[in-house]
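Engineer: take a look and give me a structure for this.
(chains A and B)
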Amino acid sequence: EPEVTQTPSHQVTQMGQEVILRCVPISNHLYFYWYRQILGQKVEFLVSFYNNEISEKSEIFDDQFSVERPDGSNFTLKIRSTKLEDSAMYFCASKIVQGGNTEAFFGQGTRLTVV
Amino acid sequence: AQSVTQLGSHVSVSEGALVLLRCNYSSSVPPYLFWYVQYPNQGLQLLLKYTSAATLVKGINGFEAEFKKSETSFHLTKPSAHMSDAAEYFCAVSVNQAGTALIFGKGTTLSVSS
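Structural biologist: Residues are numbered from 1 along each chain as shown, chains lettered A, B, ... in the order given. Now for the predicted structure:
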């Protein structure tokens, strides 16, 4: 069964360092998302991406964040200068079509720990 | 704007007992509603979704949920809990607009004891 894969599963980084989280969405999906979940809090939307550009982003997604689809398969989230409060589980998701009634398929998540 | 409230961050039931996980939503337009489950060390998996067809929606693993517009609720139920149901459950809302994303609740951890 097709699935969204994320690497690494766990990353520890020092405050101020750049980090790249990687995702391979399902191959025929067209819409890609990043969400995060700070420990004990709700899953929060960060950004959606379609046709090689950001289609929507939340207030959380500030200039420290960027996304890229560098080739036909990967979808990355970069945090330029990590802060302690960036520690969270980051989920990648993909959808085949855009409609709100279509389910998103999620990866297993990358747990980012900033020390 | 849309939002979701899950009442109860932790629910404990005995094996064989009824499972009831509560979700209330707020939306200015007709919503689509989802329940996702997360097992330890795994991603979010769709349990079921409401997309304006039947108000009673059946999902995987014996779960179902009923959309009640008058109560702005979409509670998740299962008649008889299994040990394997222990997981975290997330309710989410979406709307039929371009570029829409899921808005999640805080999640409810379900524990099942023997």
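Engineer: can you pull up the bridge partners for the most centrally placed residue in chain A?
Structural biologist: What sits nearest the mean C-alpha location of chain A, by Cα atoms, centre = their mean, is residue A:34, with 3.0 Å. For residue A:34, the beta-bridge partners are residue A:47, residue A:92 (DSSP bridges).
Engineer: these two touch, right, it and residue A:89?
Structural biologist: No: contact criterion Cβ atoms under 8 Å: residue A:34 and residue A:89 do not qualify, at 11.3 Å. For every residue, glycine as well, the C-beta is placed using N, CA and C.
Engineer: got a list of what the spatially most central residue of chain B touches?
Structural biologist: Centroid-nearest residue in chain B: residue B:35, 3.4 Å away (criterion: Cα atoms, centre = their mean). For residue B:35, the contacting residues are B:21, B:23, B:46-49, B:59, B:63, B:65, B:74, B:76, B:89-92, by Cβ atoms under 8 Å, 6 or more residues apart in numbering or on different chains.
Engineer: again, only using 10 Å
Structural biologist: Contact analysis of residue B:35 by Cβ atoms under 10 Å, 6 or more residues apart in numbering or on different chains lists B:21, B:23, B:45-50, B:57, B:59, B:63-65, B:74-76, B:89-92, B:105.
Engineer: same deal with residue A:4?
Structural biologist: For residue A:4, the contact set (Cβ under 10 Å, 6+ apart) comprises A:23-26, A:29, A:32-33, A:75, A:91-94, A:104-108, B:43-44.
Engineer: then residue B:56?
Structural biologist: The neighbours of residue B:56, taking Cβ under 10 Å, 6+ apart as the test, are B:50, B:64-68.
Engineer: hang on, the earlier thing: of the contacts of residue A:4, which belong to strands?
Structural biologist: In strands, defined here by DSSP state E, the members of the contacts of residue A:4 are A:23-24, A:32-33, A:75, A:91-94, A:105-106, B:44.
Engineer: for residue B:9, state which of these is nearest.
Structural biologist: Set against residue B:9, the nearest of the ones in strands among the contacts of residue A:4 by Cβ to Cβ is residue B:44 (17.1 Å).
Engineer: what sits opposite the closest one in the beta ladder?
Structural biologist: Per DSSP bridges, the residues bridged to residue B:44 are residue B:38.
Engineer: tally of neighbours for it?
Structural biologist: 29 (other Cβ atoms under 10 Å in any protein chain shown).
Engineer: ok, which stretches of chain A are helices?
Structural biologist: Counting by DSSP state H, no segments of chain A form helices.
Engineer: residue ranges for the strands of it, please.
Structural biologist: Under the criterion DSSP E, chain A carries strands at the ranges A:5-7, A:10-13, A:19-24, A:31-37, A:43-50, A:53-57, A:65-68, A:75-79, A:88-95, A:105-106, A:110-114.
Engineer: using JSON lines, please lay out those together with distance to residue B:14.
Structural biologist: Formatted as JSON lines, those follow (distance: least, Cβ to Cβ, whole Å):
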{"stretch": "strand A:5-7", "distance to residue B:14": "35"}
{"stretch": "strand A:10-13", "distance to residue B:14": "34"}
{"stretch": "strand A:19-24", "distance to residue B:14": "39"}
{"stretch": "strand A:31-37", "distance to residue B:14": "29"}
{"stretch": "strand A:43-50", "distance to residue B:14": "28"}
{"stretch": "strand A:53-57", "distance to residue B:14": "43"}
{"stretch": "strand A:65-68", "distance to residue B:14": "44"}
{"stretch": "strand A:75-79", "distance to residue B:14": "41"}
{"stretch": "strand A:88-95", "distance to residue B:14": "30"}
{"stretch": "strand A:105-106", "distance to residue B:14": "30"}
{"stretch": "strand A:110-114", "distance to residue B:14": "31"}
